[in-house]
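Q: Sequence and computational prediction follow.
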Amino acid sequence: MSVLRGMAGWAACAAAVAVCGCRTEKGVAVKMSGAVEPSVVVKPFGKTKDGQLVHLYTLTGAGGVVMDVIDYGGKVVRLYTPDRTGKMTDITLGFNEVAGYETHDKYFGSLIGRYGNRIANGRFTLDGKTYTLPTNNDPGGVPCSLHGGDKGFDAYVWHSEPLSEGRNVGVKFTLTSPDGDQGYPGKLDVTVSYWLTPDNVWRIEYEAVTDKATPVNLTQHLYFNFKGEAEGTILDHELTLFADHITPVDKGLIPTGKLLPVKGTPFDFTTPWEIGRRINADDEQLRFGGGYDHNWVLNSKGGKLAPAAALYERTTGRFLEVWTTEPCIQFYCGNFLTDQVPGKRGKNLCHRGGLALETQHAPDSPNQPGFPSTILRPGQTYKTVTEYRFGVR
């Protein structure tokens, strides 16, 4: 039985809203041209602190996008895309060595699991049994389990192998998370494939099976800055989110279980807005998050590939569309980034120097009976797809 993670459970919270098109009102992405020979090159990237060898895959897409990926957490180290003049720039945050991720920020560009985002108090009850997870985050002084716990999927060296199909190139990651890993029930076998297509699409295919019922919520935690890594903040980027509601949170950034319409609030990105334009508004939700760090419920409600977000930076012309089969997206604007973190080119990062657009199910869903279920059971297959479609205009 194959399960596409849908959103039927939101029906009691809000009526479905039709998505009218997939582009921002300022125009469509311009397809980048190029006659690049696609390739995958593998080389060593050093070792983890416990001595595991890490490999670096350089994916060169036929459309010109180049991605450096390591099998330590499936992390995207570098992502080169052209601006409107054709100049290639690394537009993501990362580190030149494994130690950078182990020391400064393990989530940069990582695969996230077994459960992306937060679970309140590090506990959930499933089929009458309560499970306890590590609490590794405490926004507002309220403990929670974040991104899978102390050692989430970001901290494993995955088995990896190159992929090639026609003019598409990629890398496949596989991992077995044992029963009891970070407190979660069931042995979970996970496969994640990254693809670069000739149309400059980064396609991520997630798949998982289990031998016991368990929550699963996989995502990718790439940080974007279209001006380039360590080239200032992302507050001037224009964002569109195809979502009429967020799941409001308490001071611990845990959803209250309700839906909040975005109309008339600083969370309304149904048309393009500069991220920094309303970030300092007098709004309780913004105060809780220290800015934007919230879950938007997509109008598509999940289940089929549909538009989730669009991002544009006017000085470079870089443009991105995010499409997903997932029901939600977390927009995080780097509120906890600091200038104490070194970048890859010798310049330190800065507060709000990158943003993440993480496709997902809603945070704390195992404790929210009104949210769609994230429970995977034996005999089912977890399958989701997300595409990041790069262009210029």
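A: Nice, I can see it.

Q: switch to C-alpha atoms for all contacts and neighbour counts from now on
A: OK.

Q: Need the residues that contact the strand or helix carrying residue 295.
A: Using DSSP states H and E, residue 295 sits in strand 293-297. With contacts defined as Cα atoms under 8 Å, 6 or more residues apart in numbering, strand 293-297 is touched by 241, 243-249, 253, 327-333, 335, 362-363.

Q: so how far is that strand from its chain's centroid?
A: Relative to its parent chain, strand 293-297 has a centroid offset of 12 Å by Cα atoms, centre = their mean, to the nearest Å.

Q: CA-only coordinates of that strand, as CSV, when you get a sec.
A: The C-alpha trace of strand 293-297 is given here as CSV (Å, rounded to 0.1, in the frame of the first residue of the first chain):
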residue,chain,number,x,y,z
ASP,A,293,9.4,30.7,11.9
HIS,A,294,6.0,29.3,11.2
ASN,A,295,4.1,26.6,9.3
TRP,A,296,1.8,27.6,6.4
VAL,A,297,-1.0,25.2,5.4
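
Q: Please export the C-alpha coordinates of stretch 171-188 as PDB.
A: Provided in PDB are the C-alpha atoms of stretch 171-188 (Å, rounded to 0.1, in the frame of the first residue of the first chain):
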ATOM      1  CA  VAL A 171      22.500  10.700  -5.900                       C
ATOM      2  CA  LYS A 172      20.500   8.200  -3.800                       C
ATOM      3  CA  PHE A 173      20.800   8.100   0.000                       C
ATOM      4  CA  THR A 174      19.600   5.100   2.100                       C
ATOM      5  CA  LEU A 175      19.500   4.700   5.800                       C
ATOM      6  CA  THR A 176      18.100   2.300   8.300                       C
ATOM      7  CA  SER A 177      16.900   3.900  11.600                       C
ATOM      8  CA  PRO A 178      16.600   1.100  14.200                       C
ATOM      9  CA  ASP A 179      13.700   0.400  16.500                       C
ATOM     10  CA  GLY A 180      14.100   2.800  19.500                       C
ATOM     11  CA  ASP A 181      16.300   5.300  17.600                       C
ATOM     12  CA  GLN A 182      15.900   8.600  19.600                       C
ATOM     13  CA  GLY A 183      12.900   7.000  21.300                       C
ATOM     14  CA  TYR A 184      10.900   6.300  18.100                       C
ATOM     15  CA  PRO A 185       9.200   3.000  17.600                       C
ATOM     16  CA  GLY A 186       9.900   0.700  14.600                       C
ATOM     17  CA  LYS A 187      12.800   0.000  12.300                       C
ATOM     18  CA  LEU A 188      12.500   2.600   9.500                       C
END
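
Q: Centre of the chain to that stretch, how far?
A: Relative to its parent chain, stretch 171-188 has a centroid offset of 19 Å by Cα atoms, centre = their mean.

Q: next one: stretch 283-292
A: Here the centre of stretch 283-292 is set off from its chain's centre by 20 Å, with Cα atoms, centre = their mean.

Q: rewinding a little: any idea of the mean pLDDT in the strand holding residue 295?
A: In this model, strand 293-297 has an average pLDDT of 98.

Q: ok, now stretch 354-366?
A: 98.

Q: same check, this time on stretch 199-219
A: Here the average pLDDT along stretch 199-219 is 98.

Q: can you pull the pLDDT of residue 45?
A: 98.

Q: rewinding a little: okay, now the sheet partners of the strand holding residue 295, with direction.
A: Strand 293-297 pairs in its sheet with strand 245-246 (antiparallel), strand 328-332 (antiparallel), by DSSP bridges.

Q: quick one: which of the ones you listed is nearest residue 70?
A: With Cα to Cα as the criterion, residue 70 lies closest to strand 328-332 of the strands paired with strand 293-297, at 23.1 Å.

Q: Paired strands for the helix or strand following the closest one, with orientation please.
A: The helix or strand immediately downstream of strand 328-332 is strand 355-360, counting by DSSP H and E. Note on strand 355-360: by DSSP bridges, its sheet partners are strand 223-224 (antiparallel), strand 328-332 (antiparallel).
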